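S.K.: Just the structure for this:
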Amino acid sequence: MNRLRIVLIGAGNVATHFAFALKKSNHKLVQVYSRNITNAQELALKINAKAINDITHIEQNADLYMIAVSDNAIETILSSFDFSHKKVIHTAGSVPLNIFPPDISNAGILYPFQTFSKKRTINFREVPLCIEANNPEFENFLLDLSSQLSDNVQMVNSDKRKYLHLSGVFACNFVNHLYYIAGNILEEQTLDAKLLFPLIKETAAKIESLSPLQAQTGPALRNDTKSLKKHLDLLTLKPEYREIYKWFSEQIFKTSAKQNKI
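M.R.: Residues are numbered from 1 along each chain as shown. Next up is the predicted model:
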């Protein structure tokens, strides 16, 4: 694939990591668009691109237009600029391919199944990239581009991708909130939340060699009613945490009991 001239629409977490990966693969980011010109300028400066905050100023002759904005903003972007004879993709997990108007001859999706933060450096070659396109030729184009960025490229259609996105919310967003709760419990007792780090790392590492069912431990699995009651008593003044604890404990026990009957 020749060096592409790419317009990046968005300057958030996903856009930032894509920008660095594309630049590393020797593609040229010509423009970064964001409604907030400061955000556009901050990213554009790092990748030697032009920052804009007026979508009508998007360059007309780029090789690819990448829309990396919030899900709710994608349709607005598509209706604000004529993409009909251009190659255009979005990066969202839960937005289907049919969001693109039928007059866009080359439309597709390049969804990175990973959590991104601007201040975190990651190995983009390990990020699963999920591809979908509205025609075979553009599909091959995206496969070629994606293979330059990642060693894990898969074809995933809109129906399957929405379930992939859903699973990511459970595995990442919900788990991250539980980290917050666990840290908050320790901090309220003037204990260092960093005590959790080794536990978190080992819990995550386990699933590379064990299934989640095999890796499960704790009082709920054992149906240790005394320990469960002690924990619930400690959460008397935190009813929202108490309900979460009860629900998870019930689910762990039920899942284990069901598995043992099989």
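
S.K.: which stretches of the stretch 101-250 of the chain form strands?
M.R.: Along the stretch 101-250 of the chain, counting by DSSP state E, counting those that start in this stretch, strands occupy 106-112, 129-133, 153-155.

S.K.: Now render those strands as a markdown table, adding distance to T225, mean neighbour count and mean pLDDT.
M.R.: In this view, the C-beta of every residue, glycine as well, is placed from N, C-alpha and C. Converted to a markdown table, the strands of the stretch 101-250 of the chain look like this (distance: least, C-beta to C-beta, whole Å; neighbours: other C-beta atoms under 10 Å; pLDDT from 0 to 100):
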| stretch | distance to T225 | mean neighbour count | mean pLDDT |
| --- | --- | --- | --- |
| strand 106-112 | 44 | 23 | 98 |
| strand 129-133 | 44 | 23 | 98 |
| strand 153-155 | 44 | 15 | 97 |
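
S.K.: TSV please, covering the ones you listed and showing distance to Q60.
M.R.: Compiled in TSV, the strands of the stretch 101-250 of the chain are given as follows (distance: least, C-beta to C-beta, whole Å):
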stretch	distance to Q60
strand 106-112	15
strand 129-133	22
strand 153-155	29
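
S.K.: With respect to S147, which of those strands lies nearest?
M.R.: Within the strands of the stretch 101-250 of the chain, the stretch nearest S147 is strand 153-155; the backing value is 5.5 Å (C-beta to C-beta).

S.K.: List the contacts of that closest one.
M.R.: Here strand 153-155 makes contact (C-beta atoms under 8 Å, 6 or more residues apart in numbering) with 128-132, 139, 143, 146-147.

S.K.: and which of the residues you listed is nearest to K28?
M.R.: Nearest member of the contacts of strand 153-155 to K28, counting by C-beta to C-beta, is S146, at 17.6 Å.

S.K.: my read: the closest one touches P112, true?
M.R.: No. In this structure, S146 is not within contact of P112 by C-beta atoms under 8 Å, at 9.5 Å.
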